[in-house]
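**Q** Task: produce atomic coordinates for the following.
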Amino acid sequence: MSQREYVPSLIIGASMLGLGLALGRDGNAVVLEGGNAVGSEFIRSFKLSEAAYSPVTAIGKKVQEDCVSRNVVDAEGRLHLAGFMPFMIKQLTDAKLDVRMQTAVVDVKQQDGKFEVTYYDASGLRTLIADELIDTTPLCVTKPGVGHLKYKNLNMMLQGLSRQEAAAGLEGFSIRLGRFEAETVLQFPIEPGDGWVEARNKLFQFWLNRPAALQSCAFVTHADDFEMGYNSEQVSIQPGWEWRPSAYYNHPLEALEHGYRLGKGGY
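**A** Numbering: from 1, shown residues only. Now for the predicted structure:
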């Protein structure tokens with residue numbers, strides 16, 4: 001018998017959009033996260049924005065100011081990926097958000113105008129009853145197959161390119177710069193249907209036969225998650241049940257702000 005609990009808003013994924021939504025709901029939300037991290041769609045996929053992002057909300061400006069003061073973001077807006085996750089964990093802890101890690105959604109039912117979501121955690125099966133259900137995960141775990149990917153990358157970190165060389169780019173590939181020189185990321189495109197075996201094989205073959213401009217570089221590591229892109233920022237599954245992939249946005253603060261404004265009833 002699963003334990004039952006009511007919550008006005010149920011958010012799937014401790015993504016940047018999901019955390020923004022929870023902040024906007026002023027504590028009237030529960031966030032379920034399948035992993036043990038936050039903002040993975042940006043941090044663990046090595047997704048870096050090509051351009052700086054200028055926040056438009058008070059909360060976005062405050063987060064950016066705090067990031068700059070802690071050397072997580074530089075004056076040009078470049079992000080230190082490794083430092084951003086603990087920073088965000090502190091933000092959600094200070095805000096006392098109800099974020100439940102290492103959970104797995106088992107079933108979703110609609111009954112009497114509400115959503116019954118059964119999930120599994122270390123204590124067993126639990127059921128949350130919610131007025132609204134917003135899935136912010138990359139592949140919509142509450143309704144797999146509901147959306148389609150525009151693109152998919154397996155990003156890799158390089159060492160050996162100067163800032164000037166990286167900024168100049170590499171023909172056929174996109175290179176993104178993080179806060180520090182060691183955070184030079186090459187976006188390696190793969191097919192949307194590729195799994196980890198296919199993606200890694202393609203990446204390693206590329207590296208073995210890499211272009212002359214990369215011959216002197218070192219392959220530091222590849223991302224733990226895929227970078228994904230989408231044609232649409234929102235898919236309505238049923239009234240009150242939406243898929244809003246956080247990875248649709250180019251910058252984590254953009255996703256956070258968009259979620260916050262949605263949580264406050266904007267858009």
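**Q** which one is the spatially most central residue of the chain nearest to, not counting chain neighbours?
**A** The residue lying closest to the centre of the chain (Cα atoms, centre = their mean) is E41, at 2.3 Å. Leaving aside its sequence neighbours, E41 sits nearest to A247 (Cβ to Cβ, 6 or more residues apart in numbering; 4.0 Å). (Each C-beta comes from the backbone N, C-alpha and C, glycine too.)
**Q** three-state assignment of that neighbour?
**A** Classification of A247 using DSSP: H, G, I helix; E, B strand; the rest coil returns helix.
**Q** Contacts only, for it.
**A** S15, E41, F42, S45, K47, P138, E227, M228, G229, Y230, A255 (Cβ atoms under 8 Å, 6 or more residues apart in numbering).
**Q** again, but for Q238
**A** Counting by Cβ under 8 Å, 6+ apart, Q238 touches Q110.
**Q** Report the separation between it and I134.
**A** Separation of Q238 from I134 (Cβ to Cβ, to the nearest Å): 12 Å.
**Q** One more: V197?
**A** 32 Å.
**Q** Looking at those two, which is more packed in?
**A** More crowded of V197 and I134, by other Cβ atoms under 10 Å: I134, with 27 against 8.
**Q** Can you name the helix or strand that that one falls in?
**A** strand 124-135 (DSSP states H and E).
**Q** packing partners for that strand?
**A** Judged by 3 or more Cβ pairs under 8 Å, 6 or more residues apart in numbering; DSSP states H and E, the packing partners of strand 124-135 are strand 3-12, strand 29-32, strand 114-121, strand 241-243.
**Q** if you compare these, which one is most tucked away?
**A** Stretch with highest mean neighbour count among the helices and strands packed on strand 124-135: strand 29-32 (a mean of 25; mean count of other Cβ atoms under 10 Å).
**Q** quick one: contacts of that one?
**A** Strand 29-32 has contacts (Cβ under 8 Å, 6+ apart) with 7-14, 18-19, 21-22, 97-100, 103, 105, 117, 119, 128, 130, 263.
**Q** And the next helix or strand past it?
**A** Counting by DSSP H and E, the next helix or strand C-terminal to strand 29-32 is helix 40-43.
**Q** Distance from the chain centre to that next one, please.
**A** Centroid displacement of helix 40-43 relative to its chain, using Cα atoms, centre = their mean, to the nearest Å, is 4 Å.
**Q** again with stretch 156-169
**A** 24 Å.
**Q** now swap in stretch 190-198 and tell me
**A** Going by Cα atoms, centre = their mean, the spacing between the C-alpha centre of stretch 190-198 and its chain's C-alpha centre is 19 Å.
**Q** try stretch 235-247
**A** Distance, centroid of stretch 235-247 to centroid of chain: 15 Å (Cα atoms, centre = their mean).
**Q** then it to PDB, C-alphas only?
**A** Output of stretch 235-247 as PDB, limited to C-alpha atoms (Å, rounded to 0.1, in the frame of the first residue of the first chain):
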ATOM      1  CA  VAL A 235       3.500  20.300 -25.000                       C
ATOM      2  CA  SER A 236       0.100  20.000 -23.500                       C
ATOM      3  CA  ILE A 237      -0.600  16.400 -22.600                       C
ATOM      4  CA  GLN A 238      -3.900  17.000 -20.800                       C
ATOM      5  CA  PRO A 239      -5.400  20.000 -19.200                       C
ATOM      6  CA  GLY A 240      -3.200  20.600 -16.200                       C
ATOM      7  CA  TRP A 241      -0.500  18.200 -17.400                       C
ATOM      8  CA  GLU A 242       2.300  19.700 -19.400                       C
ATOM      9  CA  TRP A 243       5.800  18.800 -20.600                       C
ATOM     10  CA  ARG A 244       8.100  21.800 -20.500                       C
ATOM     11  CA  PRO A 245      11.700  20.600 -21.200                       C
ATOM     12  CA  SER A 246      14.100  22.800 -19.300                       C
ATOM     13  CA  ALA A 247      16.800  22.100 -21.800                       C
END
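**Q** helix or strand right after the lowest-mean-pLDDT helix or strand in the chain?
**A** Using mean pLDDT, DSSP states H and E, helix 163-168 stands out as the lowest-scoring helix or strand of the chain, at a mean of 71. Note on helix 163-168: by DSSP H and E, the next helix or strand toward the C-terminus is strand 174-177.
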